[in-house]
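>>> The following block contains a protein sequence and its predicted model.
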Amino acid sequence: MNPALEAIWNAIASIPRGQITTYGDVARMAGLPGHARQTAYALRNMPEGMNLPWHRVLGAGGKIVFPKGSKHYREQARRLRSDGVVVKDGKASRELMVNVDQY
DNA sequence: GAACTGACTGTAA
DNA sequence: ATTACAGCCAGTT
């Protein structure tokens, strides 16, 4: 298959609950620096069955890349909050998750 | 192989 | 804060 995509999927799967990252970071984790868009491609074309925490992947600065109010946008925001991540005005923050982890 | 495309990113106005 | 634009790079036309 495509080893690059598998590396990316693998990297995403390794993101701990309550933690967030960016497209560029995922690419770097997968050993593909500068391939942020490849991460996007991998997410877009990910198989149905594999339950990846795709919602923990955000754009640079921790912001949701989908158009605000779009279906995907709401979905991602919901999942993030479900992870204990604070989402404010399209941007996700890890600040409160520290507290969550402590309890 | 050229042209386009995009769940990206950083810089500039 | 918002918008435009130019790099970016693999995949698809």
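Received it, and whenever you're ready, just let me know what you need. Numbers count the residues shown, from 1 in each chain, chains lettered A, B, ... in the order given.

>>> Return the distance of the residue nearest to residue A:76 when sequence neighbours are not counted relative to residue A:18.
Of all residues not flanking residue A:76 in the chain, residue A:55 sits nearest, at 4.5 Å (Cβ to Cβ, 6 or more residues apart in numbering). To be clear about C-beta, it is placed using only N, CA and C from the backbone, and glycine gets the same treatment. Distance, residue A:55 to residue A:18, by Cβ to Cβ, to the nearest Å: 12 Å.

>>> between the two, who's got more neighbours?
Neighbour count, other Cβ atoms under 10 Å: between residue A:55 and residue A:18, residue A:55 has more, with 21 against 16.

>>> Return the residues in contact with the more buried one.
Listed by Cβ atoms under 8 Å, 6 or more residues apart in numbering, the contact set of residue A:55 reads A:75-76, A:79-80, A:83.

>>> Can you say which of those residues are buried?
Among the contacts of residue A:55, the ones that count as buried by 16 or more other Cβ atoms under 10 Å are A:76, A:80, A:83.

>>> Make TSV from those residues and add secondary structure to it.
What follows is the buried ones among the contacts of residue A:55, written out as TSV (DSSP: H, G, I helix; E, B strand; the rest coil):
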residue	secondary structure
A:76	helix
A:80	helix
A:83	coil
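
>>> Tell me the one among those residues nearest to DNA strand C.
Proximity of those to DNA strand C (Cβ to the nearest atom of the strand) peaks at residue A:76, which lies at 17.8 Å.

>>> And that closest one, how far from DNA strand B?
7 Å (Cβ to the nearest atom of the strand, to the nearest Å).

>>> pretty sure that residue contacts residue A:66?
Yes - contact criterion Cβ atoms under 8 Å: residue A:76 and residue A:66 qualify, at 6.6 Å.

>>> Before I go, just wanted to say thanks for your time.
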